[in-house]
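>>> Fold the following and give me the result.
(2 chains)
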Amino acid sequence: MQDISELRKDQLDALREVGNIGSGNACTALAQFLDRKIAMDVPTAKILPFSEISSLLGGPQEKTIGIFLKVMGKISGKFLLLIPEDTGIKLMRTLIPKSKANKASDMDDFEISCMREIGNILAGSFLNALSILTRTTMLNSLPAMAFDMAGALIDTVVADMAAVSDHVLMIETSFLESNENLKLHIFLMPDHDSLEQLLCQLGVK
Amino acid sequence: MPEIYPVGMAEMRIARNPDILAAYGIGSCVIVAMYDPKTKIGGVAHIILPDSTGIAQDRVNPRKFADTAVPLLFQTLSHAGCYKSSIVSKVIGGAEMFPPTENLTNNIGTQNTASAIRALEKLRIPILAQDIGGRSGRSLEMNLATGRISLTVLGESVKEI
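Sure thing, here's the model as predicted:
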């Protein structure tokens, strides 16, 4: 397998399309779940050196809710949903209008479970679309949630990939809700060994 | 005015009094900070993984792995004029950020700190302080005038080591 930094433009385009299809599905699911109109940014497939990863999303110290799932199957990888704290609170309020939490650290077990469910629904719908596209079954693990600095959440997730490359491939999408400015970020990071398989299934090996 | 130099993942940096070396948003990564109080030169390695064994040599970036980054930082400092015998160290980081679900825990944070400490002991570099493990990310700034490191957790200053 070539190094991630050597991916061709057509391969990156195909991966961006993966982001497009997956996020489109996830976006619809979220809109139905919240009963709101949700808009989606154009997805990107980025190759970043490790030193730049933590500067994503408003800096490494940005208070962020992270929901992490492992992707399992013939194509495996990691799925990370990053939600800035204020967006997380707004989302949760939409689902639980009675909620009294003003900060992510005040969330009770039920509210945390509710955030994890958002992760579950987004990951499930994203991967479902991807399974159809690649004609392989992709399953996700139970979601784990943490509230911390963005940099600290990301470094744990990308650590495994550091063993084989100095770069990480991230397929990224943001969601926006026009009048509320809800901003979520989805990252899909295929495992190194699965990248070749994924490109092969997409017909751009 | 002292300059603040941030050290990103897989990076290593040295600086001298009165500057400040910083690392922000450290999760399972481990920071090895070294300091020579005589010359007031210090360095920080922002390490991602414990062990480079088994990785093809031409692909190894020594700054990524604890077993290679620690000797490299030590060597870099001695080339910069530090006295090897007066270099001391501190170890920070290695948290487990996501609570384990199912059997999917891979405790990379613990492995990182254990490997960094082993590498420091191998070089007989005294470890003056450590703040490792737990469930929270950390940020730090090392003041090269004194070698003191201030730690923050989610924007709140927690302690100085």
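>>> Go ahead and confirm A:Ala104 touches A:Phe147.
Yes - at 4.3 Å, A:Ala104 counts as touching A:Phe147 under the criterion of Cβ atoms under 8 Å. Backbone N, C-alpha and C define where each C-beta goes, glycine included.
>>> joint contacts of the two?
Common contact partners of A:Ala104 and A:Phe147 (Cβ atoms under 8 Å, 6 or more residues apart in numbering or on different chains): A:63, A:65, A:85.
>>> Out of these, which comes closest to chain B?
The nearest member of the shared contacts of A:Ala104 and A:Phe147 to chain B, counting by Cβ to the nearest Cβ, is A:Lys63 at 6.3 Å.
>>> For A:Val30, give me its contacts.
Just to correct that, residue A:30 is Leu rather than Val. So A:Leu30 contacts A:38, A:118, A:121-122, A:175, A:184 (Cβ under 8 Å, 6+ apart).
>>> likewise B:Ala145?
Each residue near B:Ala145 by Cβ under 8 Å, 6+ apart is listed here: B:2, B:17-18, B:40.
>>> Tell me who's in contact with the closest residue to chain A within chain B.
Going by Cβ to the nearest Cβ, chain A is nearest to B:Gly25 of chain B, at 2.0 Å. Shown in contact with B:Gly25 (Cβ under 8 Å, 6+ apart): A:54, A:59-61, A:149-152, A:154-155, B:137, B:139.
>>> Just the closest of those to A:Ser76, please.
A:Ile154 (18.8 Å; Cβ to Cβ).
>>> Just the pLDDT for that closest one.
pLDDT, A:Ile154: 87.
>>> which SSE is it in?
According to DSSP states H and E, A:Ile154 maps onto helix A:150-162.
>>> is any part of that helix close to chain B?
Yes - shown here: helix A:150-162 in contact with chain B (Cβ under 8 Å from any Cβ of the partner chain) through A:150-156, A:158-160, A:162.
>>> If any of these are buried, give me the PyMOL selection for them.
What follows is the PyMOL syntax for the buried subset of those, where burial is set by 16 or more other Cβ atoms under 10 Å in any protein chain shown:
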select buried, chain A and resi 150+151+152+153+154+155+156+158+159+160+162
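>>> Among the residues of helix A:150-162 next to chain B, give me the pair with the biggest separation.
The span of the residues of helix A:150-162 next to chain B, defined through Cβ to Cβ, is set by A:Ala150 and A:Asp160 at 18.5 Å.
>>> any idea what sits nearest residue 125, other than its immediate chain neighbours?
No chain was given, so I picked chain A. Spatially, and ignoring its direct neighbours in sequence, A:Ser125 is nearest to A:Ala29 (3.9 Å; Cβ to Cβ, 6 or more residues apart in numbering or on different chains).
>>> To clarify, I was referring to chain B.
Nearest residue to B:Ile125 in three dimensions, chain neighbours excluded: B:Ser89, at 4.9 Å (Cβ to Cβ, 6+ apart).
>>> Model confidence score at A:Ala29, please.
pLDDT recorded at A:Ala29 is 86.
>>> Now it: phi and psi?
When read as degrees, to the nearest 10, the backbone of A:Ala29 gives phi -60, psi -40.
>>> give me the number of residues near it?
Residues near A:Ala29, counting by other Cβ atoms under 10 Å in any protein chain shown, number 20.
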